[in-house]
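>>> okay, here's the prediction I keep looking at, along with the sequence it came from:
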Amino acid sequence: MSDEKRIALVLIDAFADWEYGLVAASAVAWFGCSLTVLTSGGRDVISMAGVRATAGDAIEEADADRFEAVLLIGSDGWAAGAALEADGLARAVHDRGGTAGAICGGTVAFARSGLLDGRAHTSNGAAWLREAAGAYAGADCYRDTPAAVSDDRVITAPGTAPATFAIAVLQSLFPDREEQIAEMRAMMAAEHTRAG
């Protein structure tokens, strides 16, 4: 793997605007990563808020060897069976030693692909994930927590946890940059600290 970490950001229609910004911007601006947006068929996609995202590549044509991380951003479309090709990409990136991250509805793809089998994980609720993904072998490893969960380079988060998702992804990609990650965590936590 090269010095510059390459991240595939998988977006599908009605993706959640608040779930990708922190991880994408901090990875590129603060950690020097490169970012490629992947969509089904390489088509533009529209966020929940109506923001149009232009793809860099099609998910179907993405080469897992090009990426150190793949991140699936939430959308109700995951539960409806959208972008099934992302399941295999996430699995392939992880299998070759990369980081696979999913937030909110993106966790459905991880359940389908087997990435959650035997691994601690979270999502928008255990019942929600079982309903959205169907029966999956890893259901007993579900953790009911409001923050991201990381287990063996598989990172999951509820849609309400974009900050801990970003931190967990960056910790996985940059285990040797603990001080910089601690500064980022402190900066994000500051807005929740009661003013003295």
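Yep, that arrived.
>>> check which residues of stretch 81-92 are buried.
Residues of stretch 81-92 classed as buried: 82-83, 85-87, 89-92 (neighbour count, 16 or more other CB atoms under 10 Å). Heads up, the C-betas are built off the backbone N, CA and C, glycines and all.
>>> try stretch 30-41
31, 33, 35-40.
>>> got the contact list for it?
Outside of stretch 30-41, the residues within contact range by CB atoms under 8 Å, 6 or more residues apart in numbering are 4-12, 24, 27-28, 45, 53-60, 62, 66-67, 82-83, 85-86, 89, 170, 173-174, 177, 180, 184.
>>> from the chain's centre, how far out is that stretch? Work that out for me.
Using CA atoms, centre = their mean, to the nearest Å, the mean C-alpha position of stretch 30-41 is found 12 Å from that of the whole chain.
>>> now swap in stretch 111-127 and tell me
How far stretch 111-127 lies from its chain's middle: 13 Å, per CA atoms, centre = their mean.
>>> related to what we said a few turns ago, which of the buried residues of stretch 81-92 fall within helices?
Using DSSP state H, the members of those that fall in helices are 85-87, 89-92.
>>> on that earlier part again, I'd like the buried residues of stretch 81-92 as CSV, with pLDDT appended.
Compiled in CSV, the buried residues of stretch 81-92 are given as follows (pLDDT from 0 to 100):
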residue, pLDDT
82, 93
83, 94
85, 95
86, 96
87, 95
89, 97
90, 97
91, 96
92, 97
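>>> perfect, that will be all.
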